[in-house]
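Student: Sharing a sequence plus its predicted fold:
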Amino acid sequence: RKEVEQDPGPFNVPEGATVAFNCTYSNSASQSFFWYRQDCRKEPKLLMSVYSSGNEDGRFTAQLNRASQYISLLIRDSKLSDSATYLCVVNTAGSYQLTFGKGTKLSVIP
Amino acid sequence: EAQVTQNPRYLITVTGKKLTVTCSQNMNHEYMSWYRQDPGLGLRQIYYSMNVEVTDKGDVPEGYKVSRKEKRNFPLILESPSPNQTSLYFCASSFRDSPTGELFFGEGSRLTVL
């Protein structure tokens, strides 16, 4: 089983739609979780951290389910500018290494 | 401006011709790392460094070398490049004990080996 798995997409959604991505991780010792955003041919940038209690940043909501070992990202009221690849990132306890998922591509269409 | 700077941004070279991709950060970060990104394979770590003179292999170190003689610089060396090293390379840095887990990436170096 791969360490961090994501549905590659693409997800093609109309403007204003709500879209959700899931990501599963295999190491139960993982402790820190993040979503990064990567625009086409650009570098990845941190979108948000994922906290145990769930957290929200504007139109973006991240949730963690430790029992099932998955994290999710919900985007409400999608904008054209949300079109990007979203990378799930996991850090394992005792290691400083971040493990990246392969990313889920989102295209928001007018 | 806080940033990670990579050079060159684009390079076309031939098999066997040694090349170095430089990476420099101005944020006083202890941790630096190199990744390559290939279609369908995502970001894979090549080498990382927790501090000056401390380097370790990542997931795909074969064919690469690194050095960390200064805190701000972490060059990636391809002694004898081969076509399978054609890829998009990213350098990244962060504080070693970063609570946010935020890695700061350079803009990437697109390398083509003919």
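Tutor: Alright, I've got the coordinates. Residues are numbered from 1 along each chain as shown, chains lettered A, B, ... in the order given.
Student: Run the chain-centre distance for the helix or strand harbouring residue B:22.
Tutor: Per DSSP states H and E: residue B:22 is located in strand B:19-25. Centroid displacement of strand B:19-25 relative to its chain, using CA atoms, centre = their mean, to the nearest Å, is 7 Å.
Student: Against which helices or strands is the helix or strand that that strand is followed by packed?
Tutor: Toward the C-terminus, strand B:19-25 is succeeded by strand B:31-38 as the next helix or strand (DSSP H and E). In terms of contact count using 3 or more CB pairs under 8 Å, 6 or more residues apart in numbering or on different chains; DSSP states H and E, strand B:31-38 is assigned the packing partners strand B:19-25, strand B:42-51, strand B:87-94. Bear in mind the C-beta positions are built from the backbone N, C-alpha and C, glycine included.
Student: Please produce JSON lines containing those, extended by distance to chain A.
Tutor: Below are the helices and strands packed on strand B:31-38 laid out as JSON lines (distance: least, CB to the nearest CB, whole Å):
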{"stretch": "strand B:19-25", "distance to chain A": "12"}
{"stretch": "strand B:42-51", "distance to chain A": "4"}
{"stretch": "strand B:87-94", "distance to chain A": "6"}
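Student: Select, out of the ones you listed, the one closest to residue A:25.
Tutor: Residue A:25 lies closest to strand B:42-51 among these, at 13.9 Å (CB to CB).
Student: Whatever helix or strand comes next after that closest one near chain A anywhere?
Tutor: Following strand B:42-51 in sequence order, the next helix or strand is strand B:54-57 (DSSP H and E). No - on the criterion CB under 8 Å from any CB of the partner chain, strand B:54-57 is out of touch with chain A, staying 9.3 Å away.
Student: Run through who's touching strand B:54-57.
Tutor: Residues outside strand B:54-57 that contact it (CB atoms under 8 Å, 6 or more residues apart in numbering or on different chains) are B:47-50, B:66-68.
Student: pLDDT of the next helix or strand along the chain from it, averaged?
Tutor: Using DSSP H and E, the helix or strand that follows strand B:54-57 in sequence is strand B:65-66. For strand B:65-66, the mean pLDDT works out to 98.
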